[in-house]
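Trainee: The following comprises the amino acid sequence and a computationally predicted model.
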Amino acid sequence: MNDTVTYKSLILGDDFLDPPPSFEVTNEVVDKYIRATNDATQELGEPNSRGQRIAPPMLAAVYVIDALRTKVGPPGGVHAKQQFKFHRPACVGETLYTSAKIVKLYQKKERNYVEMTTETLNQDDDLVTTGLITRIWGKE
């Protein structure tokens with residue numbers, strides 16, 4: 001686990017980690033998701049027209065975690081909201097790389113907020129997802 005980062009040390013435009021962490025999309029990962037969620041979506045179990053098995057879209061919430069863990073706030077922080085834009089499905093056999101960048105720092109109701117964007121590319125630099133995450137930073 002990484003040491004906590006103070007709000008005052010955060011810099012607008014700062015990248016969380018360079019190079020970004022990798023995430024392997026495997027059959028095991030997809031199967032584990034399906035079992036955990038009881039997802040019966042037929043497309044998740046069968047290869048698509050190109051012979052690839054697609055990953056569940058909400059796997060995005062998993063593969064961005066390692067990028068966000070590179071800057072951990074003090075205890076008491078809250079993951080306030082998160083949204084994703086899916087540019088294309090992730091597929092089994094791909095390696096995904098997620099970068100995160102701080103785009104907004106502000107205070108509201110005496111709490112420190114951090115907004116960051118995420119961008120996930122595969123091993124061929126194809127854009128898979130982008131996202132916007134808002135975190136309420138823990139009190140220091």
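Mentor: Here it is on my side, so go on. Keep in mind the model is a prediction, meaning the values are calculated, not measured.
Trainee: measure the closest residue to Tyr33 other than its chain neighbours to Pro75 for me?
Mentor: Distance criterion Cβ to Cβ, 6 or more residues apart in numbering; nearest residue to Tyr33, sequence neighbours excluded, is Pro56 at 5.1 Å. Yep, even glycine has a C-beta here, placed from its N, CA and C like the rest. Remark: distance between Pro56 and Pro75 (Cβ to Cβ, to the nearest Å) = 31 Å.
Trainee: Between those two, which is the more surrounded one?
Mentor: Pro56 (19 against 9; other Cβ atoms under 10 Å).
Trainee: residues touching that one, list them.
Mentor: Val30, Tyr33, Ile34, Thr37, Asp39, Thr41, Leu44 (Cβ atoms under 8 Å, 6 or more residues apart in numbering).
Trainee: Confirm that the third one sits in a helix.
Mentor: When you say that, I think you mean Ile34. Yes - applying DSSP: H, G, I helix; E, B strand; the rest coil, one finds Ile34 inside a helix.
Trainee: I figured it hits Leu44, correct?
Mentor: Yes - at 6.0 Å, Ile34 and Leu44 qualify as touching, with contact defined as Cβ atoms under 8 Å.
Trainee: Looking at those two, which has the bigger crowd around it?
Mentor: Applying other Cβ under 10 Å to Ile34 and Leu44 shows that Leu44 carries more neighbours, namely 19 against 15.
Trainee: Which pLDDT value belongs to that one?
Mentor: pLDDT, Leu44: 84.
Trainee: my guess is it meets Val29, correct?
Mentor: No - if you go by Cβ under 8 Å, Leu44 and Val29 don't touch, sitting 11.4 Å apart.
Trainee: between those two, what contacts are shared?
Mentor: Here Leu44 and Val29 have Ala55 as joint contacts, going by Cβ under 8 Å, 6+ apart.
Trainee: helices and strands of this protein: which one has the lowest mean pLDDT?
Mentor: helix 65-68 (a mean of 83; mean pLDDT, DSSP states H and E).
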